[in-house]
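> Sharing a model prediction with you, sequence too.
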Amino acid sequence: MDKRVQNLLKNHKASSLRELSGILGISFDKIKNVSSGRTSFNSLYVERKQRRTESKHSKELAELIGIVLGDGNISKFSRCQRLVISCNSRHKKYIEHIRWLVEGIFNKKPSLIKRSKANCIDIYLYLQDIDKTLGMPSGNKIKNSVAIPEWIFREKGYLKKCLKGLFETDGHYGLNKKSYVEYIQFCNKCESLNRSVFRALRNLDYSPQVPGSSYVRLAKKVQVRRFIKEMVFQRPFPALMN
């Protein structure tokens, strides 16, 4: 392997040539040819074109934003960005749905990587301007005080899809065995996000409880049932212990 390619792997903390391809935004075949010596190292950066995406408001984009706010992360590298969405590997249909959303919005098929020591699949995408398309900053979501983008509040159809994405990633269903109170809640450590979820539910004529430090809850049976029906969820909710 070319020593300069080895240095790129080390500097970008990439575990393989394919991962390096995504980080640099350079085709895998080109990196492989350079690594094997078939083409020169300098050819890596000749007429290299990065895809740039334009943010077009849609229900699909609103749903993906909700998913990323819940279980996603955007990392920034020197030449591109990386989107990672983590999913329970048992929810195969939901994973395929997320992959379909990502590919449709960014016009690039993401990669799926199964974690060796966890029941989890990570959906990866390397591209420029992911943060601009999704309208949220890269890095730590709590430190960046992320929230639902304002454009989503302007249309109820967008708001429903965003909440669907949020609750399908960080939503929980519970039934209190003593009082038989049925509830559904969004659990997240980001207070700014919880406040915007509370606001979104109020905008859709729900009566959420005042948000706590780590959750927003609907606790009226009629509203819980209406919410589950209205959101058309695709994956089952984990039950809360009571």
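Noted; the coordinates are in hand. These numbers were taken from a predicted model, which means no experiment stands behind them.

> Tell me which residues touch the residue nearest the centre of the chain, please.
For the chain, residue 68 is the residue whose C-alpha lies nearest the centre (C-alpha atoms, centre = their mean; 2.4 Å). By C-beta atoms under 8 Å, 6 or more residues apart in numbering, the contact set of residue 68 is 74, 83, 85, 134, 136, 165. To be clear about C-beta, it is placed using only N, CA and C from the backbone, and glycine gets the same treatment.

> which residues of this protein score low on pLDDT?
Low-confidence segments of the chain (pLDDT under 70): 5, 10-11, 13, 22-27, 39-55, 211-212, 236-242.

> Domain parsing of it, as residue ranges.
By the record's domain assignment, the chain is partitioned as 3-45, 59-144, 151-231 (automatic domain parsing).

> ends of stretch 114-132, how far apart?
End-to-end distance for stretch 114-132: 28 Å, by C-alpha to C-alpha, to the nearest Å.

> re earlier: quick one, which of the contacts of residue 68 are buried?
Buried by 16 or more other C-beta atoms under 10 Å: 74, 83, 85, 134, 136, 165, out of the contacts of residue 68.

> Closest to residue 62 out of the residues you listed?
residue 165 (7.5 Å; C-beta to C-beta).

> element containing the closest residue to the closest one other than its chain neighbours, please.
Residue nearest to residue 165 in three dimensions, not counting chain neighbours: residue 66, with 2.5 Å by C-beta to C-beta, 6 or more residues apart in numbering. Assigning secondary structure by DSSP states H and E places residue 66 in helix 59-71.

> Next secondary structure after that helix?
Using DSSP H and E, the helix or strand that directly follows helix 59-71 along the chain is strand 72-76.

> in terms of contact, does the residue nearest to residue 165 touch residue 170 like I think?
No - the pair residue 66 / residue 170 is not scored as a contact, 9.5 Å apart, by C-beta atoms under 8 Å.

> if you count what's nearby, which of the two comes out ahead?
Per other C-beta atoms under 10 Å, whichever of residue 66 and residue 170 has more neighbours is residue 66, with 28 against 22.

> Relative to residue 21, how far out is the more buried one?
29 Å (C-beta to C-beta, to the nearest Å).

> Break down this structure into its strands, ranges please.
Ranges of strands within the chain are 72-76, 81-88, 111-114, 120-127, 171-175, 182-187, 215-218, based on DSSP state E.

> In JSON lines: the ones you listed, plus distance to residue 231.
As requested, the strands of the chain are arranged in JSON lines below (distance: least, C-beta to C-beta, whole Å):
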{"stretch": "strand 72-76", "distance to residue 231": "19"}
{"stretch": "strand 81-88", "distance to residue 231": "18"}
{"stretch": "strand 111-114", "distance to residue 231": "25"}
{"stretch": "strand 120-127", "distance to residue 231": "21"}
{"stretch": "strand 171-175", "distance to residue 231": "9"}
{"stretch": "strand 182-187", "distance to residue 231": "10"}
{"stretch": "strand 215-218", "distance to residue 231": "11"}
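
> Which one of these lies nearest to residue 34?
With respect to residue 34, and counting by C-beta to C-beta, the nearest of the strands of the chain is strand 120-127 at 17.9 Å.

> For the closest one, name the packing helices and strands.
Packed against strand 120-127 by the contact rule (3 or more C-beta pairs under 8 Å, 6 or more residues apart in numbering; DSSP states H and E) you find helix 17-24, strand 81-88, helix 92-106, strand 111-114.
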